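Q: Return a 3D structure for these sequence lines:
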Amino acid sequence: MMALWKETFHDSEEYIEMLFARYFNPELVEYEANGLEIVAAMLGIPYEFGGEQSRIKGLYLCGLATKQKMRGQGIMTRLLERMNEKAKKKGCCFTFLIPETELLVRYYSHRGYVSAFYRSEKNYTSVHDFAAEYEVLLEAQKGNVADLKRRYFASLSGYRLDDSTAPAVADAIIALMVADEMQQCDLEVLHNLDDIHTIIKENRISSGHIYYTANSQGTVTAVAFTTLVERSRVHVERIYSADLCSTYRLLDYIKRTEADAGIRVYCKPKDSEYKVLSKVHGMARLLNLDEILKFQAEGHGDLKYSILVNGLKEGEIERFDIRGGNVKHRSIPFDSEEYDPSKTVISLRDVSCVLFRRPDKGSLITEAFGMPSLNGYISLMLD
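A: Alright, predicted model coming up:
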């Protein structure tokens with residue numbers, strides 16, 4: 001599998017060895033072989049989503065590869081079906097993946113996947129001044145408040161994580177990341193401690209940089225994971241921050257460190273003023289509608305709607321009633337008196353499209369049915 005990964009994706013041996021050492025689990029692998037040669041394979045990595053209030057399991061599919069000579073024979077389709085069956089039995093409510101091209105988006109859409117995870121981009125030129133931008137924001141504040149925030153901004157210092165960084169600082173960075181993710185309530189990925197250590201190691205292997213800010217007491221207030229693209233642009237893959245001031249101070253430090261580069265910051269659509277420009281970052285295939293509706297209801301106790309879904313069980317439709325943070329589910333046989341053919345029934349795929357839709361889309365759906373988007377967001381995924 002490692003040889004097939006290398007042949008397909010051309011990653012470094014150090015990266016591949018790190019990924020397989022951390023995530024290879026024979027129970028979450030699917031492959032097909034021709035004699036002793038593995039001709040197609042994929043790796044499943046389990047993740048939790050949500051935060052302190054409610055959580056749900058998803059399985060990340062990565063390293064999907066088929067040898068060139070074996071493509072077009074339906075092998076990957078078979079692997080996907082087997083992996084989805086395996087994921088469902090292990091309690092995962094969906095599988096998800098990150099397609100690199102529009103061609104792959106179409107390929108996976110024909111295999112039950114829908115657009116599910118989105119991200120926005122904030123682009124800045126090489127001459128952008130983050131300190132000046134933050135000063136403009138302060139002008140709208142009351143005098144005393146603005147002065148306090150101005151002094152706080154000046155007291156923050158920027159650093160880059162390297163081999164000389166004290167272990168206590170690295171621990172503080174990890175603590176900030178964990179605390180930030182625990183506050184989530186939408187379908188946002190949760191990285192456990194082993195994931196975070198792997199992400200930090202992967203950043204070094206891939207020649208990225210981790211920047212952070214600390215106040216005068218040495219408390220870490222923000223951290224950013226970045227990559228440099230052809231020395232002309234810094235991609236900020238994710239920022240964890242205690243406050244807006246720390247975010248601007250961190251971006252200011254990154255900009256000063258990479259003075260000749262433009263900056264692209266990836267963020268959650270809900271954190272961007274340009275939600276309508278959010279792009280698809282990942283696709284998902286729903287495996288357990290009951291559990292994902294429960295997850296949404298627990299995070300949004302004011303939801304109130306009912307839906308009828310077909311295609312889950314042969315000869316039946318499923319009714320889901322969401323009220324007060326709870327989900328009631330029952331099956332209605334087609335030949336029962338309760339079945340009403342005049343009522344609108346939707347397919348599992350259509351439910352998936354509605355639940356996983358981009359947050360700014362489908363306002364009429366929200367108003368008519370009371371079904372908000374799951375606000376799917378993934379970041380710092382190994383691919």
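Q: Any regions of this protein where pLDDT drops low?
A: Within the chain, the ranges that satisfy pLDDT under 70 run 362-369.
Q: now the strands: where do they sit in the stretch 151-300 of the chain?
A: Secondary structure of the stretch 151-300 of the chain (DSSP state E, counting those that start in this stretch): strands at 157-160, 189-190, 209-214, 220-229, 233-241, 262-267, 279-286.
Q: Show me what the shortest one is packed against.
A: Identification of packing neighbours for strand 189-190 by 3 or more CB pairs under 8 Å, 6 or more residues apart in numbering; DSSP states H and E yields strand 37-50, helix 167-182. Using the backbone N, CA and C atoms, a C-beta is placed for each residue, glycine as well.
Q: Tell me which of the ones you listed is the most buried.
A: Greatest average neighbour count among the helices and strands packed on strand 189-190 goes to strand 37-50 (a mean of 19), per mean count of other CB atoms under 10 Å.
Q: re the thing from before, and residue 336, which of the helices and strands packed on strand 189-190 is closest to it?
A: strand 37-50 (35.5 Å; CB to CB).
Q: Neighbouring strands - and their directions - for the helix or strand following the closest one?
A: Using DSSP states H and E, the helix or strand that follows strand 37-50 in sequence is strand 55-66. Using DSSP bridges, strand 55-66 pairs in its sheet with strand 37-50 (antiparallel), strand 94-97 (parallel).
Q: The very next helix or strand once past strand 55-66: how far from the chain's middle?
A: For strand 55-66, the following helix or strand on the C-terminal side (DSSP H and E) is helix 75-89. In terms of CA atoms, centre = their mean, to the nearest Å, the centre of helix 75-89 is set 21 Å apart from its chain centre.
Q: Tell me which residues of helix 75-89 come out buried.
A: 75, 76, 79, 80, 83, 84, 86, 87 (16 or more other CB atoms under 10 Å).
Q: Once you drop chain neighbours, what's closest to the fifth one?
A: To tie it back to what came earlier, the one meant is residue 83. residue 30 (4.7 Å; CB to CB, 6 or more residues apart in numbering).
Q: repeat for the last one
A: Among residues not flanking residue 87 along the chain, residue 59 sits closest, at 4.3 Å (CB to CB, 6+ apart).
Q: Am I right that that neighbour is in contact with residue 96?
A: Yes - counting by CB atoms under 8 Å, residue 59 touches residue 96, with 7.4 Å between them.
Q: residues in contact with the residue lying closest to residue 161 once chain neighbours are set aside?
A: Using CB to CB, 6+ apart and skipping residues adjacent in sequence, the residue nearest residue 161 is residue 210, 4.0 Å away. Going by CB atoms under 8 Å, 6 or more residues apart in numbering, residue 210 touches 160, 161, 173, 200, 203, 223, 224, 225, 226.
Q: So what pairs up with the residue nearest to residue 83 in the strands?
A: Here residue 30, judged by DSSP bridges, has bridge partners residue 42.
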